[in-house]
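[1] everything below, folded, please.
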Amino acid sequence: MIGIVDYNAGNIKSVSRALDFLSVPHIVSKNPSDLENVDRLIFPGVGEASYAMKQLSLSGFDSFLKEWALSGKPLLGICLGSQIIFDYSEEGDVQCLSLIRGKIRHFSVLWNEAQISSDLKIPQMGWNDVTYCNGGTKLCATVEDKSDFYFVHSYVIQADDSQIVKGYTNYGVKVPAIIESGAITAFQFHPEKSGEKGLQLLRNFVTL
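    Numbering: from 1, shown residues only. Got it, this is the predicted structure:
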């Protein structure tokens with residue numbers, strides 16, 4: 001059984017619909033105790049990081065997610081859920097879950113530091129190709145390198161350990177798009193909104 005974390009800051013319905021399409025049994029809950037016995041956990045997210053962290057604290061999902069990560073059971077973060085698993089986000093100047101070491105920084109800050117003058121719009125919104133790196137991940141084994149996925153984000157993952165970045169895209173700077181650290185996988189893009197290839201990634205997560 002797959003569990004989906006509902007903390008009032010996630011793209012819950014689209015993820016649930018994608019799993020319905022794949023005929024994958026799942027449970028969506030705002031109560032951590034309802035998800036204690038699931039086999040795998042999906043942690044979606046849209047919106048602002050500090051608000052999301054407040055909701056996680058109020059619901060008890062912050063402690064639940066930390067305990068889940070320690071258990072070594074599979075966890076998939078999506079979009080905002082791929083970011084607040086790190087230590088800190090500039091979005092709202094907030095300490096996050098610290099499941100993985102690193103921080104989340106705004107595109108404009110990274111462009112300025114790299115002395116890049118870009119006319120790209122923020123947020124990155126739309127389709128962009130993802131290049132595998134550092135050996136990729138088994139979740140992507142049946143999806144071609146440089147496949148296109150759908151992104152919507154203004155902030156960028158900056159992992160302390162570059163080796164956990166398993167795929168990236170380019171948007172003025174190199175943007176980590178796939179993270180894998182132990183049993184934690186994170187997609188900066190939205191697989192549930194990325195057509196058949198995105199659905200294949202979700203299929204792989206629930207079966208591999």
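[2] pull out the buried residues from stretch 64-75.
    64, 65, 68, 69, 74, 75 (16 or more other C-beta atoms under 10 Å). No exception for glycine: its C-beta is placed from N, CA and C like everyone else's.
[3] and for stretch 122-135?
    Neighbour-count burial for stretch 122-135 [16+ other C-beta under 10 Å]: 124, 128, 130, 132, 133.
[4] touching, the last one and residue 162? I think so.
    The reference is to residue 133. No. Here residue 133 does not reach residue 162: they are 9.1 Å apart, not a contact under C-beta atoms under 8 Å.
[5] could you point out which element follows the helix or strand that contains residue 18?
    Taking DSSP states H and E as the criterion, residue 18 maps to helix 12-21. With elements assigned by DSSP H and E, the helix or strand that comes after helix 12-21 is strand 26-29.
[6] now tabulate the buried residues of stretch 64-75 in TSV and tack on pLDDT and distance to residue 174.
    Below are the buried residues of stretch 64-75 laid out as TSV (pLDDT from 0 to 100; distance: C-beta to C-beta, whole Å):
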residue	pLDDT	distance to residue 174
64	98	33
65	98	27
68	98	30
69	97	26
74	98	26
75	98	24
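[7] helix or strand for residue 197, which one?
    helix 195-207.
[8] angle of that helix against helix 12-21?
    Angle of helix 195-207 versus helix 12-21, following axes from the mean of the first three to the mean of the last three C-alpha atoms, to 10 degrees, is 80 degrees.
[9] could you list which of the buried residues of stretch 64-75 belong to strands?
    Applying DSSP state E to the buried residues of stretch 64-75, the entries found in strands are residue 75.
[10] most widely separated two among the buried residues of stretch 64-75?
    Maximum pairwise distance in the buried residues of stretch 64-75, criterion C-beta to C-beta, is 15.0 Å, between 64 and 74.
[11] where do the strands sit along this structure?
    Remark: strands assigned in the chain by DSSP E are 2-5, 26-29, 40-43, 75-78, 88-89, 94-95, 102-106, 124-132, 147-153, 155-159, 165-171, 173-181, 184-187.
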